[in-house]
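this one's sequence-less:
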Ligand SMILES: [K+]
Ligand SMILES: [K+]
C-alpha cells in the first residue's frame, strides 16, 4: 500500500491525501469545460475547483446552483465525483483501518482490531466489492422508490434522473440537490423524508457498523464500537429533534405555514441532516439562533468513523463524554458500556477534538477577515466553518457570496475535514524520534 | 477541613461552594441597602446579587456603573468583596491544593505534590498570612504609584481613593473600574498601563508560581508547573498582541485617533487583559470581529491555576497541546519540557476542557433564548458567555442590557466559572462506586 513518487516513499496517510487531491483536480478539469456549464460559458477555475472539492469531499456546499448552472453532463460529473469520493473514502477508510489495526497490534498499541475483526479476514478486493454492492444496492432501492414517488410529478425520465442523483447524493452524505431550496418542497412528504434520511443515516453509520449489524443481528452481540455509534447517534438525533421542534415553534419564518405533521417531519429531518447529510427541508438561514447553534454542535460531532460523513465522529464524542464521567467519579479507568478503553484511545480522542476546535476557530478567524466587508453575523461565519469542516453542506447563505479568498479557505477546510485533521497531522509529522530517553515524571496543576 | 451541616458531612468541594455562596449573599444584602446606592433608592435585589457575584467571583461584568450608581459606601463594599473573593479563593485554593495533593499521593494518584512542595510544609495559618502579605504589599506599592500619577489630575484625596480601588481590582483580576469606559482615558499612559497590568499579570500567575519564583530565582530551578505557566502565558500574550495590533490597524473606530505609541500600548493592554483582568483601554464593542474572536479564545484559556483569574487555565491548555503533539508524533507518553506527565493529568485536562466547552455552549444557547428580542450578533453572546465563564469581565455591551433571566444565567455562569466546573462536578458527583469489577478491555474507533 506504500506508494513511491520521485524516489519519495509516501506513507498511507500521504497516499490518501494525494489520491483525493488528484481526483479533485480531475473533477475540476471536467467541470471547467464549457460542456459542463448550462450556458456555453465555462464556470471558471475557482468555482470548478470549489464544486469538485465539495463533491469529492461529499460536503454539498455550493457556489453555483447545481440544478440550473450546470448542464446534464456537468451534473453527471458531480454525481460521479460524489460516488467516487464517498465510496473511495469508505473503501480506503476500511482498508486503511485494517492496516492500521495490524500495524498497531504489532506495536502493541490499540486502535481498532476488535471492531474490524469481522471484516479483516476478507481480502481487500472482496472487501471493496462488498462495499460497492451495499452502496449500489441501497442506492438502487432508494432510487426506485423515489422514481415511483416523483413519476407523476415530473414524468418517468425526469423522475429517474432526479431519483438517481438524490439517491447517490444521500447515501454518500453529499447533500447536493438539483433544487435550489434543497428538499424544502417535500417538507411534509413521508416517502421523500424517509427514503432520503434512511440512506444518509445508514451511510453515516459506517461500513464496519453495517457489516457488524448484518452479521450479528442481535444487540448484545454487536461490537462495542457499533453499540456506541448507534446509541450516541440516537441520543444526538433525539436532542436535536426536541430543540428544533420547540424553538422553531416560535418562528413564523420556518414553521409558520406548516401543519403539525409537517413540523414533526421538519424537526426530524433538520435533526438528522447535520450528521452530516447537508440536505434541508426548511430554510436554514431563517432558523432561530438557538436551533442554529445546536445544529453547529451536531455538525461538529458529525457522523461515525469509516462512514461517508464527517465531523469529529459520534464515537469520538462518546469517548470524550465517558472520560469526563470517569474523572468526575474519580475512577481510575475509562469504561464504556461495561468495557474498559485504553488510555491511548482517550489520547487520540483528545487530539481529534483539540485539532478540530483549532481548525474551526482558525477558519472562522480567517473568514472574519476575508468576508469582513459583508458584515455577516458571526453565527453565519461559525456555521459556514463548521459545515465545511464537518463536510455537512448546510449554509445560512454565506457560501454563495464568498470572496475568492474565502472560497479557497472553504475548499481547504472541506478537504481537511473530509480526510480528518489527524490524517494531515500524521502526514505532515516527521517520523517519531525514537529516543531511548525516558524523562522523569513531573506534575502540572490542572483546572 | 470538613464541615458538618445538619448532620450532613460536606466535602471540601461542597464547603468551598457554600462558602462563596454565603459571601455573595452577604454582599448582596449590603449592596441592596439604600445607603449603597448613589441615589437614596435601593438598586434592587437582582442587580445587587449580580454586582455581589461579579465582585466576589472577581469577574467585573457590571449591570450598573460602579462609579456613578453606587455611593462611596457601596463602592467600598464592592472593593471589600473583591478582596475577600480574590484572597479567599487564593488562600482556599492553595490550602485545598495541598490537601488534594496529600489525599492523592495516598491514593497513589497524581495531581500536585511537586508544584506545592515548596509551600506544603508551611502551616495553614502562616500560609494564609503569607498570601495576604504578598497581596497587600503589592497593592500598596501599586496604589502609591497610581496616587502619585493621579494626584495632579484629581487632587490627593480622590487620587488615593481611585488608586486604592483600582489596585485592589487589578491585583485580584476583578476588572471593576470607577470609570464607565474603564481605563480608556489612559490608553497611552505608560504608568497606568504598566502598574495595572503588572498587578493583574502577577495576580494571574498564581501563588504557587510566585512562591516558586521568589524561592528559586533561577529559571532552571523552577518547577515544571511554573515554567509551563510562564511560557504559555507569554506565548498567548504575544499572539494576542500581534493579532490585535494588525487587525485594529485597519479599524478607525479603535486605533483611528491613536498615535503609534498609543497603538502599541493599546495592543499590549488588550492582549493581557483577557487573561482574565477585564479592564480595557479601547472600546471592546468597537473592535474587529477577528480581534474579538481571538479575545474569546484568550478569555477561554484564562489565567493559571491557583491564581485570582479564571478560564480553563494556561497550564491545562499546555497539557492539551502537548498531548496533541505526542499523539501526532506517535509517542507513547506525554512529555512537557523533558518531563513525563501522567495519564491521569491528561484525563483531568480533558475533563476540564469538555466541561468548559459544554458550559459555554449551554450558556450561549440559553442567552440566545433569553436575549432573543435584542437581536444580538452571536459574537456578542459568545463573548458575554465566555467572559462570564472565564471571570474576565470584558463585554461588547450585552451585560448592561440583559433581561432578568439573562442576568440570572450570567450570575450562575460567573459562580461556576470562578469555582471551576470540576469543583461543581465533584461536589455534585455521588461517591465513586468502588466496584471491584474490572471490565474487559475493548476498542472504539476514533476520528
Ligand atoms: K454533506
Ligand atoms: K475579571
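Yep, it's here. Treat the numbers as computed from the prediction; the structure is a model and nothing was measured. Ligands and ions are numbered 1, 2, ... in the order given.

how near is the closest residue to residue A:408 other than its chain neighbours to residue A:291?
For residue A:408, ignoring the flanking residues on the chain, the nearest one in space by Cβ to Cβ, 6 or more residues apart in numbering or on different chains is residue A:46 at 7.7 Å. Every residue, glycine included, has its C-beta placed from N, CA and C. For residue A:46, the distance to residue A:291 equals 32 Å [Cβ to Cβ, to the nearest Å].

Look at the two and report which has more neighbours.
Between residue A:46 and residue A:291, counting by other Cβ atoms under 10 Å in any protein chain shown, residue A:291 is the more crowded of the two (25 against 16).

Quickly note the distance from that one to ligand 2.
Distance of residue A:291 to ligand 2, given as Cβ to the ion, to the nearest Å: 32 Å.

mind listing the strands for chain A?
Counting by DSSP state E, the segments of chain A that form strands are A:3-5, A:8-10, A:334-336, A:339-341.

hey, least reliable of the ones you listed by pLDDT?
When the strands of chain A are compared by mean pLDDT, strand A:3-5 comes last with a mean of 56.

follow-up on the earlier one: can I assume the residue nearest to residue A:408 is in contact with residue A:410?
No: with contact defined as Cβ atoms under 8 Å, residue A:46 does not reach residue A:410; the gap is 11.1 Å.

For ligand 1, give me its nearest residue in the stretch 301-447 of chain A.
Residue nearest to ligand 1 within the stretch 301-447 of chain A: residue A:393 (3.8 Å; Cβ to the ion).

sorry, that was for the stretch 251-400 of chain A
Residue of the stretch 251-400 of chain A nearest ligand 1, by Cβ to the ion: residue A:278 (3.4 Å).

Now do the contacts for that residue.
A:59, A:60, A:61, A:173, A:174, A:175, A:176, A:387, A:391, A:392, A:393, A:394 (Cβ atoms under 8 Å, 6 or more residues apart in numbering or on different chains).

Which one of these is nearest to residue A:251?
Lowest distance from residue A:251 to the contacts of residue A:278 (Cβ to Cβ) belongs to residue A:394, with 16.6 Å.

Touching, that closest one and residue A:387? I think so.
Yes: Residue A:394 is within contact range of residue A:387, at 5.1 Å (criterion: Cβ under 8 Å).

just to revisit the earlier point, give me the distance between the nearest residue to the residue of the stretch 251-400 of chain A closest to ligand 1 once chain neighbours are set aside and residue B:282.
Leaving aside its chain neighbours, residue A:278 sits nearest to residue A:175 (2.3 Å; criterion: Cβ to Cβ, 6+ apart). Counting by Cβ to Cβ, the gap between residue A:175 and residue B:282 amounts to 42 Å.

With residue A:365 instead?
19 Å.

out of the two, which sits in the busier spot?
residue B:282 (27 against 19).

tell me the contacts of the residue nearest to residue A:197 when sequence neighbours are not counted?
Among residues not flanking residue A:197 along the chain, residue A:272 sits closest, at 5.2 Å (Cβ to Cβ, 6+ apart). By Cβ under 8 Å, 6+ apart, the contact set of residue A:272 is A:197, A:200, A:201, A:237, A:240.

Relative to chain B, which of those residues is nearest.
Nearest to chain B among the contacts of residue A:272, counting by Cβ to the nearest Cβ, is residue A:240 at 12.5 Å.

what's the neighbour count on the closest one?
Count around residue A:240 with other Cβ under 10 Å applied: 23.

Next one: it, what pLDDT does it get?
So residue A:240 comes in at 95 (pLDDT).

And it, how far from residue A:311?
From residue A:240 across to residue A:311, the span is 13 Å (Cβ to Cβ).

Count the neighbours of residue A:64 for me.
For residue A:64, the tally of surrounding residues (other Cβ under 10 Å) stands at 20.

which residues touch it?
Contact partners of residue A:64, counting by Cβ under 8 Å, 6+ apart, are A:43, A:47, A:51, A:70.

ok, which pair from those residues is furthest apart?
A:47 and A:70 (10.4 Å).

low-scoring stretches of chain A, by residue?
Along chain A, segments meeting pLDDT under 70 span A:1-9, A:89-90, A:92-127, A:429-438, A:443-447.

separation between the closest residue to residue A:233 other than its chain neighbours and residue A:230?
Spatial nearest neighbour of residue A:233, chain neighbours left out: residue A:314 (5.2 Å); criterion: Cβ to Cβ, 6+ apart. Noted for residue A:314: a distance of 9 Å to residue A:230, by Cβ to Cβ.
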